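Colleague: Just need the structure, nothing else, for what follows:
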Amino acid sequence: MVADHASAAVGRVIGAGQRVSVRVPATTANLGPGFDSLGLAVSLYDSLTVETLDGGTGVPGQDRLSFELSGEGAAGLPRDASHLAVRAMDAAFARLGYRRGGLKITAENVLPHGRGLGSSASAIVAAVTAANALVPTADQQDRQWVLQLASELEGHPDNVAPAIFGAVAISWQEGPVYRSVRVTPSPRVIPIAAVPAVELSTETARAMLPSSIPHRSAADNAGRAALLIHALKDEPAMLLAGTEDFLHQRFRAQAMTRSAELMDALRAEGFAAFISGAGPTVMTLADGADAAQRAADFIAGFGTTGGTATDDAEYSAGIWRVLRLDVDSEGAKVEVHRR
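Modeller: A predicted model of the protein is given here:
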């Protein structure tokens, strides 16, 4: 949860007359066995543009804030200082020794909210990256700094790391410090997302996890996570075995029954499917274009030709929004325009 830093803001006011645009990819976390440690950036993007305005006082609550928001979830999101992106920017400015003056923010949301595709991580990464780009060059920090603050604000690094660096991110924590290394997957790996019309909060999904698991399950999971990295880089034919999870998916299944059914059906057909992040999106990592097409066709027909989802009107034909994506290899991209 991102705290409200505005009331405690100190430091110099950000200079007017600047414009920064940031594009951040969607991410799929866990990848099966990599709970809270593995993530992959995919080619679906949110964008955030921030312009600094004249006449800012730097006094919290008194500066102009214009917020134009469109796209996914726009109708239900705030357009004031309570928005996640503004709170994340305020946190970044405060850590850098600055505070915002007047701002005009334009956000275009493409990532579905509450679906396990990293929408909150994208907003945080975009905001922290923008804030870092708006301070004077001498005070700007590197992407490791962005990773640290964004992970603190998000609560874990599995989504923010690939959103920042692109490709596959392996992340871990050393005391209070978050770390991540980037792995480039084989070009044969093609992500296919099956996005349902229903949402599921991360908090709800996490609340279903047990406080402990058997040692055997932990050992099995470690082996699959290690195999997954090999499969992603060098041998995509091993993705089905590499994405098998022993830690979290079966415990969360009752909160996303239809997604669990689709995942199991895909895996029974030989596709490397898993729950994306906290769900309920189902992600499949296909080995090559032919497999990607077969997986997409299977998902598109699942509501009417397969599975038990046919007994639920909400999961009839068309419930799964099928997205054939690419691996994003760049991560967050920023453009800076100064007057």
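Colleague: Report the separation between the closest residue in space to Asn159 that isn't next to it in sequence and Asp245.
Modeller: Leaving aside its sequence neighbours, Asn159 sits nearest to Ala121 (Cβ to Cβ, 6 or more residues apart in numbering; 3.5 Å). C-beta coordinates here come from the backbone N, C-alpha and C atoms, glycine included. Separation of Ala121 from Asp245 (Cβ to Cβ, to the nearest Å) stands at 20 Å.
Colleague: and what of Ser180?
Modeller: Note on Ser180: its distance to Asp245, by Cβ to Cβ, is 21 Å.
Colleague: got it, and Pro214?
Modeller: Pro214 sits at a distance of 14 Å from Asp245 (criterion: Cβ to Cβ).
Colleague: Please say which of these two ends up with more neighbours.
Modeller: Applying other Cβ atoms under 10 Å to Pro214 and Asp245 shows that Asp245 carries more neighbours, namely 22 against 9.
Colleague: ok, and what's touching the lowest-mean-pLDDT helix or strand in the chain?
Modeller: The helix or strand with the lowest mean pLDDT-type score in the chain, counting by mean pLDDT, DSSP states H and E, is helix 202-206 (a mean of 74). The contact list for helix 202-206 (Cβ atoms under 8 Å, 6 or more residues apart in numbering) reads Ser120, Arg252, Ala255, Met256, Gly277, Ala278, Gly279.
Colleague: Scan those and report the most crowded one.
Modeller: Taking other Cβ under 10 Å to define a neighbour, the member of the contacts of helix 202-206 with the most is Gly279, carrying 30 neighbours.
Colleague: mind pulling up the phi and psi values for that residue?
Modeller: Comment: the main-chain dihedrals of Gly279 come out as phi 90, psi -180, following degrees, to the nearest 10.
Colleague: For it, give me its contacts.
Modeller: Taking Cβ under 8 Å, 6+ apart as the contact definition, Gly279 lies against Arg115, Gly116, Leu200, Ala205, Arg252, Ala255, Met256, Ser259.
Colleague: Can you read off the pLDDT for it?
Modeller: We note a pLDDT of 89 for Gly279 in this prediction.
Colleague: and the gap between it and His156?
Modeller: 16 Å.
Colleague: Name the residue closest to the centre of the chain, please.
Modeller: The centroid of the chain falls nearest to Gly118 when counting by Cα atoms, centre = their mean (2.0 Å).
Colleague: you'd agree that one is up against Ala26?
Modeller: Yes - here Gly118 reaches Ala26: they are 5.5 Å apart, a contact under Cβ atoms under 8 Å.
Colleague: Name the residues contacting each of the two.
Modeller: Leu111.
Colleague: coming back round to it: just the closest of the contacts of helix 202-206 to Val168, please.
Modeller: Proximity of these to Val168 (Cβ to Cβ) peaks at Gly277, which lies at 14.5 Å.
Colleague: hang on, the closest one in a strand?
Modeller: No - if the criterion is DSSP: H, G, I helix; E, B strand; the rest coil, then Gly277 is coil and not within a strand.
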